[in-house]
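Chemist: need a structure here:
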Amino acid sequence: MSTTTEKKLSKGQLAYEQERARKAGKSLDDWMKHKAKLAAEEAKKAEPKPEKKKGLISRLLDKAHKPI
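Modeler: Numbering: from 1, shown residues only. Below you'll find the predicted structure:
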């Protein structure tokens, strides 16, 4: 076990994660790395996407509706 894992988790949380790792057939360190990787992927998916530029027709219509 790594010392960073022990510091982050309480005894109950550590036991729970050890049980989940055992069921997944991984060591606790591998399991925690896997969980961190999944969390990072989810965070990346949650990032807002850049706003798309309007198409030609939309820009022309917006320009046509503006007062002179």
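
Chemist: Can you point out the buried residues in stretch 10-19?
Modeler: Within stretch 10-19, the residues that qualify as buried are 17, 18, counting by 16 or more other C-beta atoms under 10 Å. Where C-beta positions appear, they are placed from N, C-alpha and C, glycine not excepted.

Chemist: Grab the CA positions of it and hand them over as CSV.
Modeler: Backbone C-alpha positions of stretch 10-19 (Å, rounded to 0.1, in the frame of the first residue of the first chain) are rendered in CSV as follows:
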residue,chain,number,x,y,z
SER,A,10,-10.2,6.5,6.7
LYS,A,11,-10.1,3.0,8.0
GLY,A,12,-13.6,2.3,6.8
GLN,A,13,-13.0,3.8,3.4
LEU,A,14,-9.7,1.9,3.1
ALA,A,15,-11.5,-1.4,3.9
TYR,A,16,-14.2,-0.7,1.4
GLU,A,17,-11.8,0.1,-1.4
GLN,A,18,-9.7,-3.0,-0.6
GLU,A,19,-12.9,-5.1,-1.0
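
Chemist: any idea of the mean pLDDT in it?
Modeler: Across stretch 10-19, pLDDT averages out at 92.

Chemist: Tell me which helix or strand comes right after the longest helix anywhere in the chain.
Modeler: Within the chain, and with DSSP state H defining each element, the longest helix by residue count is helix 28-46. The helix or strand immediately downstream of helix 28-46 is helix 56-65, counting by DSSP states H and E.

Chemist: quick one: buried residues of that next one?
Modeler: Across helix 56-65, burial judged by 16+ other C-beta under 10 Å covers no residue at all.

Chemist: With stretch 23-42 instead?
Modeler: 28, 31, 32.

Chemist: what's near enough to touch the nearest residue to the second one once chain neighbours are set aside?
Modeler: Distances taken as C-beta to C-beta, 6 or more residues apart in numbering place residue 21 nearest to residue 31, at 3.5 Å, with adjacent residues excluded. The contact partners of residue 21, by C-beta atoms under 8 Å, 6 or more residues apart in numbering, come to 27, 28, 30, 31, 32.

Chemist: how many degrees apart are the helix or strand hosting residue 21 and helix 28-46 in direction?
Modeler: Assigned by DSSP H and E, residue 21 falls within helix 11-24. Helix 11-24 and helix 28-46 are oriented at 90 degrees to each other (axes from the mean of the first three to the mean of the last three C-alpha atoms, to 10 degrees).
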